[in-house]
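A.B. asks: the sequence and its predicted three-dimensional model are supplied below.
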Amino acid sequence: MTTSLLVDLKLFGYPLEWELPEAQTCRIACYLNDVDPADETDWPRQHEWLAKRLNEMHRVFAQRVKALEADYLMVLRWINSSGWVLC
């Protein structure tokens, strides 16, 4: 019933950081280091890097996240139909 978010990191070719800032949330990130966001002459490179990473993450994670949402809704429907009360 649960969908795995496990991903072969070779799909990316660069490291991802899995951050757990709170008990029920998670952040998957990658960072462009040694960059000055105020340097407008470097913006094209920064924007290209960002666009590439966003597109790759969407390609890999979008369907997995949709499946998690579907699993969650299915569990909520089951709880509702069984008469359980969520506190």
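C.D. replies: Arrived safely, thanks for sending.
A.B. asks: C-alpha only now, for contacts and for neighbours.
C.D. replies: Will do.
A.B. asks: would you point out which residue is most central in the protein?
C.D. replies: Compute the mean C-alpha point of the chain, and by Cα atoms, centre = their mean the closest residue is residue 28, 5.2 Å away.
A.B. asks: hey, what's that one bridged with?
C.D. replies: When bridges are assigned using DSSP bridges, the partners listed for residue 28 are residue 18.
A.B. asks: what sits against it?
C.D. replies: Residue 28 makes contact with 16-19, according to Cα atoms under 8 Å, 6 or more residues apart in numbering.
A.B. asks: so which bits of stretch 43-53 are buried?
C.D. replies: Neighbour-count burial for stretch 43-53, counted by 16 or more other Cα atoms under 10 Å, picks out 46, 53.
A.B. asks: secondary structure class for residue 25?
C.D. replies: coil (DSSP: H, G, I helix; E, B strand; the rest coil).
A.B. asks: sorry, back to before: among the contacts of residue 28, who's most crowded?
C.D. replies: Most neighbours among the contacts of residue 28, by other Cα atoms under 10 Å: residue 16, with 13 neighbours.
A.B. asks: tell me how far that one lies from residue 66.
C.D. replies: According to Cα to Cα, to the nearest Å, residue 16 stands 21 Å off from residue 66.
A.B. asks: next: residue 28.
C.D. replies: Distance, residue 28 to residue 66, by Cα to Cα: 16 Å.
A.B. asks: for residue 31, same thing?
C.D. replies: In this structure, residue 31 and residue 66 are 25 Å apart, going by Cα to Cα.
A.B. asks: cool, thanks, signing off.
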